[in-house]
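Trainee: sequence below, structure please.
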Amino acid sequence: MTERNPKALRAAIVQHAPQFLPDFDEHWKWAVADAYDISTVPAFMARWWGEYAVARDPELDAHMADLHHRATESTDIAEAKALLEEASHIRHEVQRLAPGQ
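Mentor: A predicted model of the protein is given here:
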């Protein structure tokens, strides 16, 4: 993972997950820049740190997409809940990744 700051994360997104760049920039604009509120940076970083951590690993990205797809298609509420809980667990785990991991 990259350094844990907005500038380094944006550079990593440009290089490894450019499909996220428009959403990243738009989110930064309304959540931080237009709000003139740096207190929102930790929440912003948490969201995009997780998005990038998943996207940079094609196998994990595909697994997450599969979990969400299967949950959407499931007619069994318990199964759908279990699939979404697995996806949530993965998102929480990638938040623990440190720079260099």
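
Trainee: what's in contact with stretch 56-68?
Mentor: Residues outside stretch 56-68 that contact it (C-beta atoms under 8 Å, 6 or more residues apart in numbering) are 1, 12, 16-17, 54-55, 83-84, 86-87, 90. For glycine as for every other residue, the C-beta is placed from the backbone atoms N, C-alpha and C.

Trainee: now do 10 Å
Mentor: Stretch 56-68 is contacted from outside by 1-2, 12-13, 15-17, 51, 53-55, 82-88, 90-91, 94, 97, using C-beta atoms under 10 Å, 6 or more residues apart in numbering.

Trainee: likewise stretch 86-96?
Mentor: Counting by C-beta under 10 Å, 6+ apart, 1, 45-47, 49-54, 56-57, 60, 63-68, 70-71, 101 sit against stretch 86-96.

Trainee: just the ones in helices from these, please.
Mentor: Secondary structure from DSSP state H places 45-47, 49-54, 60, 63-68, 70-71 of the contacts of stretch 86-96 in helices.

Trainee: show me which of those are buried.
Mentor: For these, a neighbour count by 16 or more other C-beta atoms under 10 Å gives the buried set as 49-54, 64, 67, 70-71.

Trainee: now, which of these sits nearest Asp23?
Mentor: Proximity to Asp23 was ranked across these by C-beta to C-beta; first place goes to Glu51, at 8.4 Å.

Trainee: my read is that that closest one contacts Phe24, right?
Mentor: Yes: the pair Glu51 / Phe24 is scored as a contact, 8.0 Å apart, by C-beta atoms under 10 Å.

Trainee: list residues touching both of these two?
Mentor: Common neighbours of Glu51 and Phe24 (C-beta under 10 Å, 6+ apart) are 9, 13, 17.
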